[in-house]
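Participant: Curious how this folds, go ahead:
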Amino acid sequence: MAGGLNGGLAVVKSGVSALVFLALVAIAIAAVIFIVVLVLKVSSSGTFSSGKTPAVFSGRTVSCVAETAPPPNIEEALDALDWFQLEQLVARLFEIKGCAVLPRGGAKADGGIDLVVQTESTKAAVQCKHWSKWKCGPAVVRELIGSMVHENLPQGFLICRTATEDAKSLAASHRIRIIERAGLIERIEDAVAQPDGPVIDALFHPPKLCPKCGADMVLRTASKGRNPGEEFWGCSTYPKCHQVLKV
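Facilitator: So this is what the prediction gives:
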């Protein structure tokens, strides 16, 4: 009886061991299948649940987010132009409208006209008043009118920061169009949106040129005179050209 009982227990133990072994094998197979499926899924998609493409640095996975640079500020760039650079910018704005532009200003006496713009049917005088001239009055308009009569030019443009109402009224009666700073900015925005290379360069990358001879200007420091130690722009061809500009 004891022998039969012991034999039965041995059979039971053997059966239990087999079941445990089979269970462990099944768990191991399931784990391997899960790992293989996960690896194949990541390899094929290259993404995780966030939908962002991962980049690995020093064993860490991080998401790459593109950053866009802020657009350049047109108003700040415009205010930074010197008077000769402003003339160049205005010339580019007329040129992209199909006008031929003849410079008349620079450091030489311009007779009240900085540019002459020409289309197939007419010519017009252009006078640019730099931003140091905050408000243009009737005297500026009269000067332009006199120049237009002398040059036999039927139309004119006055570019300025702002103008008085009297100046605007006088200009309108003599076929002169006043373009104030706000209007000039609108025209620049339209040109930059195209985009137009010459206008962008004239505004954001203006060359520092001598208004008298067209050569490059260089930054110098006064060693004598009224303001020793003060910086100024001088023509690179000095002593051939003595043109200077304030910083």
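Participant: Not counting sequence-adjacent ones, nearest residue to Pro228?
Facilitator: Here the nearest residue to Pro228 in space, its sequence neighbours aside, is Ala222; by CB to CB, 6 or more residues apart in numbering that works out to 5.5 Å. For glycine as for every other residue, the C-beta is placed from the backbone atoms N, C-alpha and C.
Participant: Backbone torsions only: list them for that neighbour.
Facilitator: Note on Ala222: backbone dihedrals following degrees, to the nearest 10 are phi -70, psi 130.
Participant: Now do it against Ile33, distance only.
Facilitator: Using CB to CB, to the nearest Å, one obtains 83 Å as the distance from Ala222 to Ile33.
Participant: ditto for Ala193
Facilitator: When distance is defined by CB to CB, Ala193 is 58 Å away from Ile33.
Participant: what's the answer for Thr164, then?
Facilitator: Distance, Thr164 to Ile33, by CB to CB: 86 Å.
Participant: Which one's more surrounded, these two?
Facilitator: Remark: of Thr164 and Ile33, Thr164 carries more neighbours, 14 against 10, as counted by other CB atoms under 10 Å.
Participant: got the contact list for that one?
Facilitator: 135-138 (CB atoms under 8 Å, 6 or more residues apart in numbering).
Participant: residues contacting Leu93?
Facilitator: Leu93 makes contact with 184, 187-188, 191, 199 under the criterion CB under 8 Å, 6+ apart.
Participant: okay, and the helix or strand of this structure with the least pLDDT?
Facilitator: strand 54-57 (a mean of 44; mean pLDDT, DSSP states H and E).
Participant: is it fair to say Leu89 lies in a helix?
Facilitator: Yes. Secondary structure of Leu89 (DSSP: H, G, I helix; E, B strand; the rest coil): part of a helix.
Participant: Next, count neighbours for it.
Facilitator: Summarising burial for Leu89: neighbours were counted as other CB under 10 Å, giving 24.
Participant: mind listing what it touches?
Facilitator: Neighbour list for Leu89: 78, 81, 188, 199, 202-203, 206 [criterion: CB under 8 Å, 6+ apart].
Participant: Please repeat the previous calculation with a cut-off of 7 Å.
Facilitator: Shown here is Leu89, whose contacts under the criterion CB atoms under 7 Å, 6 or more residues apart in numbering are 81, 202-203.
Participant: Is His130 in a helix, a strand, or coil?
Facilitator: Per three-state DSSP, the secondary structure class of His130 is coil.
Participant: domain assignment for this protein?
Facilitator: Taking automatic domain parsing as the reference, the chain has its domains at 74-206, 208-247.
Participant: And Val116, which helix or strand is it part of?
Facilitator: strand 115-118 (DSSP states H and E).
Participant: Check what pLDDT the residue nearest to Pro228 gets.
Facilitator: pLDDT, the model's per-residue confidence, is 83 for Ala222.
Participant: ditto for Pro70
Facilitator: 57.
Participant: and if you look at Gly229?
Facilitator: On the pLDDT scale, Gly229 gets 79.
Participant: next one: Asp201
Facilitator: Confidence per residue is given as pLDDT, and for Asp201 that number is 91.
Participant: swap in Gly46?
Facilitator: Per-residue confidence (pLDDT) for Gly46: 46.
Participant: what do you get for Ser14?
Facilitator: The pLDDT attached to Ser14 in the predicted structure is 54.
Participant: and stretch 95-115, average pLDDT?
Facilitator: Across stretch 95-115, pLDDT averages out at 81.
Participant: Just the C-alpha atoms of the helix or strand where Gln85 lies, please, in PDB.
Facilitator: Following DSSP H and E, one finds Gln85 within helix 83-95. Listed in PDB are the C-alpha atoms of helix 83-95, where the atom choice follows Å, rounded to 0.1, in the frame of the first residue of the first chain:
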ATOM      1  CA  TRP A  83      20.500 110.300 -46.400                       C
ATOM      2  CA  PHE A  84      22.400 108.900 -49.400                       C
ATOM      3  CA  GLN A  85      21.200 105.300 -48.600                       C
ATOM      4  CA  LEU A  86      17.700 106.600 -48.500                       C
ATOM      5  CA  GLU A  87      18.000 108.000 -52.000                       C
ATOM      6  CA  GLN A  88      19.300 104.600 -53.200                       C
ATOM      7  CA  LEU A  89      16.400 102.800 -51.600                       C
ATOM      8  CA  VAL A  90      13.900 105.100 -53.200                       C
ATOM      9  CA  ALA A  91      15.600 104.700 -56.600                       C
ATOM     10  CA  ARG A  92      15.200 100.900 -56.300                       C
ATOM     11  CA  LEU A  93      11.500 101.300 -55.500                       C
ATOM     12  CA  PHE A  94      10.900 103.300 -58.700                       C
ATOM     13  CA  GLU A  95      13.000 100.900 -60.800                       C
END
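Participant: This completes my enquiry, with thanks.
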